[in-house]
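Participant: Build me a model:
(chains A and B)
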Amino acid sequence: MNAFEIKNMSKKYGRSDSFELKDVSLALPSGCIMGLIGENGAGKTTLINAMLGIISRNSGSVSFFDKPERIEAKDDIGVVLGEESFPETMNPTQVNKMMKGIYSKWDEEKYFALLDKFSLPAKKTFKNFSRGMKVKLSIAVALSHNAKLLILDEPTNGLDPVIRDEIVDIFYEFTRNPYNSVLISSHIVSDLEKLCDYIAFLHKGRLVLCEEKDRLLEQYGIIHCTAEELEKIEPSAVKGKKESPYGVEAVVERRAIPADAEISPVGVEELFVLLVKGAR
Amino acid sequence: MKSLLYKEFAVSKKTLLICLAFSVLGLLSSIRFTGSIVADYVIFSLIAATIVRSLTDDEKSGWEKYSRALPHNAFQRMGAKYIFCFLILTAASLIMLLSDTLGNMKIMDYQSKQFDYPITNSSQEILYSVLHAIPIQFFCFSIFLISFAVLLPLNSLLKGQFKVLTFIPFVPSIILCFVVNGIYSITGSGYRTYPFTESIKKPQFTAMFVASALLLFAASYFISVIIETKSGREKLKAVKAVAAVLTVAALAVSGTTVYALYKDGAFEKIDFSYSSDYEEKLEQSEAELEKQYALAREEMLKYVDEFCGETLVDKKTEYIKERISAIGFGDRFTEIDQVYSTEYPLAVAIHTYGNSEHPDSPDMIKIYANVDAATIMTDGDPVELAKQIEDMFSEGLEEERMVEFMKTYGLCPDVLNENLDGEKPYKTYCFDMIIEEHIPKNYVSVSMTLNIDVMDGAIWDTRAYVIEDTKSPQTK
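Facilitator: Next comes the predicted model:
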């Protein structure tokens, strides 16, 4: 079963806006974590907003849990939209009262346990929260209604490494249940590298690749060579390169590299950086 | 949707409490003061600011966006906003209605603050107070309902990105408010005469106005849903049809109301044109008034002539009613502006007559006047007048002093010498006090009860007549 499946989704903003999310198709099998990476303005937030119905789409469809798009499906989806969440004059206790009536499977005990765990004051208003606290509250809400899918838009953006690490651990814990899935967008690739089973790479509104992380790391490697040596490699196998006075660093498909060539394993971050540069 | 509604109240809790505190203050002050449409408009503006603040906070905090990711559709999301808006405007209307109703009730005893309606003591009079307050409250209610009917879809359309635009819907509403109120004021003499039949028309027309505002508000809800569903992926053709039907219905009801007002002659008295001979007309009008006063006084004297010594109160009341109405004396008062109370502009006529030759009253008539005036918001001071009358009377006035006093106040003193029984000559007194000239024209509410206790057996009869309008003179 897929946690979600996006088919040929396109979104174009006003006529003057050159950005366009174009023909994106993407599926996440249940029980997996997918990292959505891309530079700023690549279309990650647009994709998430369009799939959740926050903004309109020009074309395409989305299904959750193998069922056509229905409002009820959102009962099983937890969302974190960065800092954007609750009205500033509300406090976590009021949020609990509100959410009790919104989600059919709201778990009050779990919510307050998470508030404790995150050291969030129950009576302090949202406007007095730090950015980290705001994100934590959103995460507490997302995790307190027994959601099967978490959709997280840059949840770790702007947070310090300690909090980021805590949050990543929370998502790990969430995916211990084999039916729980996570779609997480971020440009902090190191977080995703720790967490994700799948990596989807968006660039200028297009889905450049979507692969299992391990397979991706197996499939690609980095070579350090001269420009002349690189020219000998099949061009389609070269996914990105970075030239310097000392030579060229390139991400290449391992299959296209001669057996005797020296190839180093690639990390998701390097892959991301070189893919972006290659795409430019 | 209950939860979304809870959120609206939770977010606005503090400002709503402030509004409630203001309303309670208004309610308390209504014990002494009558309200006005401007005061009500201020309270409604506070409420409106609360709603606008809630909308802008939603956008600022990202709730607008976040709520679309929750398992609620556009009907529920917009429904919560509309119901919240409707509920607090309704609550404000009811509180203000209560406040103005209390304000409309006259206070009989100024000192002990008894609430009583002193005219006929009929329970219907309380109903008239309510009926009179309804048009003001529900007029405000409708105006703000229409404002939000424009604002809420605009908010959805602009994704809350309004700054200057936020206040645009209120501009026509404010203009409309004063224009419509102006029309009521100009044309409303027929509506200001509770408890008469025609006065009931005002709440009736207001009810029509409220109905059209409600229909427009409902139409606006469906329009907002359409705008919201455009943002998402839901397509609701039926919603568009409902919105169209409701809009047409709202326009039809509004049109019918205006037409009904037109047929009723409500617009006939409107004259905005400036006349160059205004001053001349004014002088003529004043001369005409003087003439009317003279006639009125004459009528009163005739009354005294005719009934002196009789005790048939009912007959007297009936008489004065006929005579004073006949010469249009009361018409003078129906033109007093800003009479928000029971619509009884008043003059007080005091008639006292008796025998000064009576052995118990050799040369002095003692009249103790107790004037209870619940007159608030006046630039004149009937209370002061009352005090003066009380003081002077309590000292005891000699006949000459009393006459002089009356002259000082521009009253109409007269002394009649009449031999009533034909055997023994009696010196009789008749004082006609018409003290309306001391009641400023722009008072809001006057309730004056002039109780004259005649402390002298020589006085045959003393009565004060509160002449409230041509149709409803009341005897005190």
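Participant: Which helix or which strand is home to B:V258?
Facilitator: helix B:237-263 (DSSP states H and E).
Participant: in which helix or strand would I find B:E228?
Facilitator: Using DSSP H and E, B:E228 falls in helix B:201-231.
Participant: low pLDDT regions in the chain?
Facilitator: Going with chain A. Within chain A, the stretches with pLDDT under 70 are A:15-17, A:158, A:277-280.
Participant: that's the other chain; I wanted chain B
Facilitator: B:26-41, B:100-136, B:158-205, B:230-237, B:260-282, B:285-286, B:288-476.
Participant: near chain A, which residues of it?
Facilitator: B:2-4, B:6-7, B:10-11, B:13-14, B:54, B:57-58, B:60-63, B:65-66, B:68-73, B:230-234 (CB under 8 Å from any CB of the partner chain). Yep, even glycine has a C-beta here, placed from its N, CA and C like the rest.
Participant: What's the local residue count around the single nearest residue of the stretch 151-280 of chain A relative to chain B?
Facilitator: Residue nearest to chain B within the stretch 151-280 of chain A: A:I151 (7.8 Å; CB to the nearest CB). The tally of other residues near A:I151 (other CB atoms under 10 Å in any protein chain shown) stands at 27.
Participant: same deal with A:E88?
Facilitator: Burial of A:E88 is recorded as 18 neighbouring residues (other CB under 10 Å).
Participant: Test my guess that B:C85 contacts B:I51.
Facilitator: Yes - B:C85 is within contact range of B:I51, at 5.5 Å (criterion: CB atoms under 8 Å).
Participant: so what's in contact with those two at the same time?
Facilitator: B:F148 (CB atoms under 8 Å, 6 or more residues apart in numbering or on different chains).
Participant: Neighbour count for these two, which is higher?
Facilitator: The neighbour comparison of B:C85 against B:I51 (other CB under 10 Å) goes to B:C85, with 27 against 22.
Participant: Any buried residues in the strand or helix carrying the more buried one, and which?
Facilitator: Using DSSP H and E, B:C85 sits within helix B:74-104. Neighbour-count burial for helix B:74-104, counted by 16 or more other CB atoms under 10 Å in any protein chain shown, picks out B:74-86, B:88-89, B:92-93, B:95-104.
Participant: With stretch B:9-28 instead?
Facilitator: Buried residues in stretch B:9-28, defined by neighbour count with 16+ other CB under 10 Å: B:10-12, B:15-16, B:19, B:22-23, B:26-27.
Participant: among the residues of chain B next to chain A, which are in helices?
Facilitator: Among the residues of chain B next to chain A, the members found in helices (DSSP state H) are B:2-4, B:6-7, B:10-11, B:13-14, B:54, B:57-58, B:60-61, B:63, B:65-66, B:68, B:230-231.
Participant: which of those residues are buried?
Facilitator: B:3-4, B:6-7, B:10-11, B:54, B:57-58, B:61, B:63, B:65-66, B:68, B:231.
Participant: Up against chain B, what does the stretch 51-200 of chain A have?
Facilitator: So far as CB under 8 Å from any CB goes, the stretch 51-200 of chain A lies against chain B at A:52-57, A:69, A:71-75, A:77, A:79, A:81-90, A:94, A:97-104, A:126, A:151.
Participant: now the helices for the stretch 101-250 of chain A?
Facilitator: A:108-117, A:131-143, A:161-174, A:189-195, A:213-219, A:227-231 (DSSP state H, counting those that start in this stretch).
Participant: Name the residues that touch the last one?
Facilitator: I take that to be helix A:227-231. A:223, A:238, A:241, A:243, A:247-248, A:250.
Participant: got it, and stretch A:122-138?
Facilitator: Outside stretch A:122-138, the residues within contact range by CB under 8 Å, 6+ apart are A:79-83, A:85-93, A:95, A:112, A:115, A:118, A:120, A:155-156, A:158-160, A:163, A:167, B:61.
Participant: got the buried residues for that stretch?
Facilitator: The neighbour-count check on stretch A:122-138 (16+ other CB under 10 Å) flags A:126, A:129, A:132-138 as buried.
Participant: So of these, which two are at opposite extremes in space?
Facilitator: Maximum pairwise distance among the buried residues of stretch A:122-138 (CB to CB): 13.0 Å, between A:F126 and A:G132.
Participant: Could you report the neighbour count for the nearest residue to A:I263 once chain neighbours are set aside?
Facilitator: Nearest residue to A:I263 in three dimensions, chain neighbours excluded: A:G221, at 3.9 Å (CB to CB, 6 or more residues apart in numbering or on different chains). For A:G221, the tally of surrounding residues (other CB under 10 Å) stands at 19.
Participant: Contact partners for A:G221?
Facilitator: A:251-252, A:254, A:257, A:263-266.
Participant: Are any of those residues buried, and if so which?
Facilitator: Listed as buried from these are A:251-252, A:257, A:266; burial here means 16+ other CB under 10 Å.
Participant: Adding distance to B:F44, write those out as a markdown table.
Facilitator: A markdown table is the format used below for the buried ones among the contacts of A:G221 (distance: CB to CB, whole Å):
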| residue | distance to B:F44 |
| --- | --- |
| A:V251 | 65 |
| A:V252 | 70 |
| A:I257 | 76 |
| A:V266 | 66 |
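Participant: on that earlier part again, closest to chain A among the buried ones among the ones in helices among the residues of chain B next to chain A?
Facilitator: Lowest distance from chain A to these (CB to the nearest CB) belongs to B:S3, with 3.1 Å.
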